[in-house]
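> Fold the following for me, if possible:
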Amino acid sequence: MLRDLKPLFHYMRKYRWGYVWGFLSVIATNAVWVFFPKVLEFAVDDLERGTTRRTIVYFALLLVGIALVKGIFLYAQRWILIGISREIEYDIRNDLFQQLERQDSAFYQKYRTGDIMARMTNDLNAVRMLLGPALMYSANTIFFTVGALFFLLHISPWLTLVAWAPMPLASILVQYFGRKIHERFERIQESFSEISAQAQENYTGARLVRAFAREDSQIRLFERLNKSYIERALRLVQLMGMLWPTLEFILGVSMIITLLAGGHEVIAHKITAGEFVAFYTYMILLTWPIIAVGWVINIFQRGTASVKRIGDLLHVDPEIDDSAADPAIQPDFKLRGDIEFRHLNFSYGETPVLRDISLTIPAGSSLAIVGPTGAGKSTLINLIARIYEAPEGTLLIDGRQPKEYPLAVLRHNIGMVPQETFLFSETIRENIAFGVPSASEEELLQAAEAAHIRTEFQDFPLGYETMVGERGVTLSGGQKQRAAIARALLRRPSILILDDALASVDTYTEERILGGLRSYTSDTTTILISHRISTVQHADQIAVLKDGRIVELGRHEELLERGGYYASLYQKQQLEEELTVVA
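Below you'll find the predicted structure:
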């Protein structure tokens, strides 16, 4: 048992004095309650000898007193031990969230969102039950059983031996069922994770599901997963349904043996009637603790299975961390923005993505990257922000490798607008100020102005206090992109990265945004990825990326003169614009 709880010792140690007081309350509860049958023994024996009304009242008050004191200590143990389990649940949930926030993208490629949510809810609840009710009832069962067994042996060792003869069978059954419960609960949690992941993906992609009229197929898939989960859960219920009645049957047999053998002992004058009443009462009081063993085993096996699943998350070290960072770099460190790639090669596993990339981007200049889909454009900029780790010595920022900067410092100096715009289910103001919560009203409006979205948001009925809905569902694609641009600009970053961030706006709006960016980011190193020539033509450098290599590099006019991929793309887009005008 202790071995299974080992991953939780770190949390339990924090509340060790609470556990001390809680288990002292458990001891006090059972130390008082174990005398209840002894008082009955004395009362019955006194009745046989002929007692007075005063003695009867004395024994009645003594029983009431025992019950009252037991109730006080029982309340204390529940308040302390159940309370500690809630505190540890709080600590683990915070640590889990902190751990998830530290993970890199590779982690989220391994674990699905629904699986993570299942571990943070269902599994965490099972761990709480293990650390609270399971420990409390286990301690109560152990202490009361030890105390009761002492008095049972004192009354009659032979009768105790006979009454407890069926108990080894109960122990064997508990071990067998416990192992089966553990195995089945693990499978149940796996099914629950699959259901959670499926539901999460459908909620997130609800528009896509409806757009392709796939509601029925998704419903059928969910029904299959749900049916599998229910079948596994019912198999566990079936197992538990067998365990408890079996334990009750064994206890029933034990009680019959106690009645027959105990009655014979009283008739033979080997024990008194009071001792028999006390013995039988002890056996009755032991019924719930022994039955509770089955319930505790269920909780324990569920909890230990969940401890392992939660431990898998807590003990995953992020591949990208601050282990190589220079401790002398302070949190307010400001980058100049010089970027240099030196013969960089990068692969996803065995798949090469970037090949022999050599490129210099001076601080305050702009670089545009164009190229066909899958050429490695997004991968290249993700290396700058350490979304992925660049190979040793192949990428320098201000003369240092990215890993030499603390992650918080590096990313605070980078404003990034990814291809997939994400907005939180908050107000427009909170989304724009996400990276700089302390930003003033004037700073926020300036960033919105540069992103050419200030007036549109001000015209909303609630202005910047408008709730954008989950993932920005109430805004158009262009509005979401411009809000994301304003969010990046508000940080006044040393390096601004726009990954196809203008794809959802028209060319007129694009021109206005680019004009705002040039005035707002005059001293910022700017990197733009786009498929539009109109977006990139004013950049200081334009790199054409194809098959992971830079095949062309220069200014707009220079690349047109070369007549390569860039010139071909320009001519194609010019023709498309002319055809649009004619139409």
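
> So this structure: which segments form each domain?
Domain assignment of the chain by automatic domain parsing yields the ranges 7-314, 335-413+493-557, 421-480.

> residues touching the nearest residue to residue 537 once chain neighbours are set aside, list them.
Nearest non-adjacent residue to residue 537, counting by C-beta to C-beta, 6 or more residues apart in numbering: residue 556, 4.3 Å away. Using the backbone N, CA and C atoms, a C-beta is placed for each residue, glycine as well. By C-beta atoms under 8 Å, 6 or more residues apart in numbering, residue 556 lies in contact with 533, 536-539, 542.

> what separates residue 556 from residue 376, distance-wise?
22 Å (C-beta to C-beta, to the nearest Å).

> Show me the strands in this structure, by range?
339-348, 351-361, 366-370, 395-397, 414-417, 495-499, 525-529, 541-546, 549-554 (DSSP state E).

> Which strands or helices does the shortest one pack on?
Applying 3 or more C-beta pairs under 8 Å, 6 or more residues apart in numbering; DSSP states H and E, we find strand 395-397 packed against strand 339-348, helix 377-384.

> again, only this time at 10 Å
Under the contact criterion of 3 or more C-beta pairs under 10 Å, 6 or more residues apart in numbering; DSSP states H and E, strand 395-397 touches strand 339-348, strand 351-361, helix 377-384.

> Please apply the same query to the third one.
When contacts are defined as 3+ C-beta pairs under 10 Å, 6+ apart, strand 366-370 sits against strand 351-361, helix 377-384, strand 495-499, strand 525-529, helix 533-536, strand 541-546, strand 549-554, helix 565-582.

> Strand partners (parallel or antiparallel) of the fourth one?
In its sheet, strand 525-529 lies beside strand 366-370 (parallel), strand 495-499 (parallel), with partners assigned from DSSP bridges.

> Just the CA trace of the last one, in PDB.
I take that to be strand 495-499. The C-alpha coordinates for strand 495-499 follow below in PDB (Å, rounded to 0.1, in the frame of the first residue of the first chain):
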ATOM      1  CA  ILE A 495      11.200  40.600 -32.900                       C
ATOM      2  CA  LEU A 496       7.800  40.500 -34.500                       C
ATOM      3  CA  ILE A 497       6.800  37.300 -36.400                       C
ATOM      4  CA  LEU A 498       3.700  37.200 -38.500                       C
ATOM      5  CA  ASP A 499       2.900  33.700 -39.800                       C
END
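
> isn't residue 547 right up against residue 377?
No: using C-beta atoms under 10 Å, residue 547 is not in contact with residue 377, being 11.8 Å away.

> who's more crowded, these two?
Neighbour totals were compared for residue 547 and residue 377, and residue 377 leads with 24 against 14 (other C-beta atoms under 10 Å).

> Now do the contacts for the more buried one.
Each residue near residue 377 by C-beta atoms under 10 Å, 6 or more residues apart in numbering is listed here: 354, 369-371, 419, 499-500, 527, 529-531, 543, 545, 548.

> how about those residues in JSON lines, adding distance to residue 30?
Formatted as JSON lines, the contacts of residue 377 follow (distance: C-beta to C-beta, whole Å):
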{"residue": "354", "distance to residue 30": "68"}
{"residue": "369", "distance to residue 30": "73"}
{"residue": "370", "distance to residue 30": "77"}
{"residue": "371", "distance to residue 30": "75"}
{"residue": "419", "distance to residue 30": "64"}
{"residue": "499", "distance to residue 30": "65"}
{"residue": "500", "distance to residue 30": "68"}
{"residue": "527", "distance to residue 30": "70"}
{"residue": "529", "distance to residue 30": "70"}
{"residue": "530", "distance to residue 30": "74"}
{"residue": "531", "distance to residue 30": "75"}
{"residue": "543", "distance to residue 30": "76"}
{"residue": "545", "distance to residue 30": "74"}
{"residue": "548", "distance to residue 30": "71"}
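
> ok, so of those, who is nearest residue 61?
residue 419 (78.5 Å; C-beta to C-beta).

> Against residue 197, how distant is the closest one?
Distance of residue 419 to residue 197, given as C-beta to C-beta: 23 Å.

> And the two? Which one has more around it.
Counted by other C-beta under 10 Å, residue 419 and residue 197 do not tie: residue 197 has more neighbours, with 19 against 13.

> Does that one touch residue 116 like I think?
Yes: judged on C-beta under 10 Å, residue 197 makes contact with residue 116 at a distance of 8.8 Å.

> Just give the closest residue to the residue nearest the centre of the chain, not the sequence neighbours.
By C-alpha atoms, centre = their mean, the chain has its centre lying nearest to residue 120, at 4.0 Å. Nearest residue to residue 120, sequence neighbours excluded (C-beta to C-beta, 6+ apart): residue 96, at 5.6 Å.
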